[in-house]
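A.B. asks: Got a sequence here, can you build the structure:
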Amino acid sequence: MTDWVFGYGSLVWRPAFPYLERRPAAIHGWLRRFWQASTDHRGTPEAPGRVVTLTEEPGAVTWGTAYALDPAQRERILAELDHREKDGYLRLHLPLDFGDGPGDISALVYVAGPDNLNYLGPASVSAMAEQVGGAVGPSGANVEYVVRLAEALRAMGRPDPHVEAIEARLEATGEAKDG
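C.D. replies: The predicted structure follows:
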């Protein structure tokens, strides 16, 4: 049996691990939100960035990318992902939808809930964009994260209104050109 990983943030456009197959996919009952602080990738402890997590929402559908892992490399890949998602993310297994409704295939999904130290929760689009615009970390500018995610979702034909709203605010303030 092949293990799958579902990405809805930077994993959509930068998986940084080998995979056997990559497919657009969705999960149901979860909403993508920029409610998680990034102090280790897209910001610093002094100036945290904002990255996405998922929040439960009945009826919601979140599109992203599913990756089939090579069983021979599974443990190494998961160890790398655990390190990458260490700042408050927990592993969940959720059913995948490859475009024809949730099926029998589940994927590992990293979710950072409100009980972790880096959870920021909701804020206005302006406040989130302002925080994103001023954050840079070891993985680069937080603006790049927003812009690359928005571009990848549009290329998939699955734009996300929340991501697009923050990107539009960054463009309106002139920040998105730097991403």
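A.B. asks: From now on I want contacts and neighbour counts done on CA atoms only, so please keep to that.
C.D. replies: Will do.
A.B. asks: Where does pLDDT dip in this protein?
C.D. replies: 1-2, 177-179 (pLDDT under 70).
A.B. asks: That one: helices as residue ranges?
C.D. replies: Under the criterion DSSP state H, the chain carries helices at the ranges 10-13, 74-84, 125-133, 142-155, 161-172.
A.B. asks: I'd like a version of those in JSON lines, one that adds distance to residue 46 as further columns.
C.D. replies: As requested, the helices of the chain are exported to JSON lines (distance: least, Cα to Cα, whole Å):
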{"stretch": "helix 10-13", "distance to residue 46": "22"}
{"stretch": "helix 74-84", "distance to residue 46": "20"}
{"stretch": "helix 125-133", "distance to residue 46": "12"}
{"stretch": "helix 142-155", "distance to residue 46": "14"}
{"stretch": "helix 161-172", "distance to residue 46": "21"}
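A.B. asks: mind putting those in TSV, mean neighbour count and distance to residue 108 included?
C.D. replies: Converted to TSV, the helices of the chain look like this (neighbours: other Cα atoms under 10 Å; distance: least, Cα to Cα, whole Å):
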stretch	mean neighbour count	distance to residue 108
helix 10-13	19	12
helix 74-84	14	10
helix 125-133	20	27
helix 142-155	21	20
helix 161-172	18	22
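A.B. asks: All the strands of this structure, residue numbers only.
C.D. replies: 4-7, 21-38, 49-68, 90-97, 102-111, 136-137, 140-141 (DSSP state E).
A.B. asks: tell me the most buried of those?
C.D. replies: strand 4-7 (a mean of 24; mean count of other Cα atoms under 10 Å).
A.B. asks: roughly how far out does that one sit from the chain middle?
C.D. replies: Between the mean C-alpha location of strand 4-7 and the chain-wide mean there is a distance of 11 Å, by Cα atoms, centre = their mean, to the nearest Å.
A.B. asks: Packing partners of that strand?
C.D. replies: Secondary structure elements in contact with strand 4-7, counted by 3 or more Cα pairs under 8 Å, 6 or more residues apart in numbering; DSSP states H and E, are strand 49-68, strand 102-111.
A.B. asks: Good, we can wrap up now.
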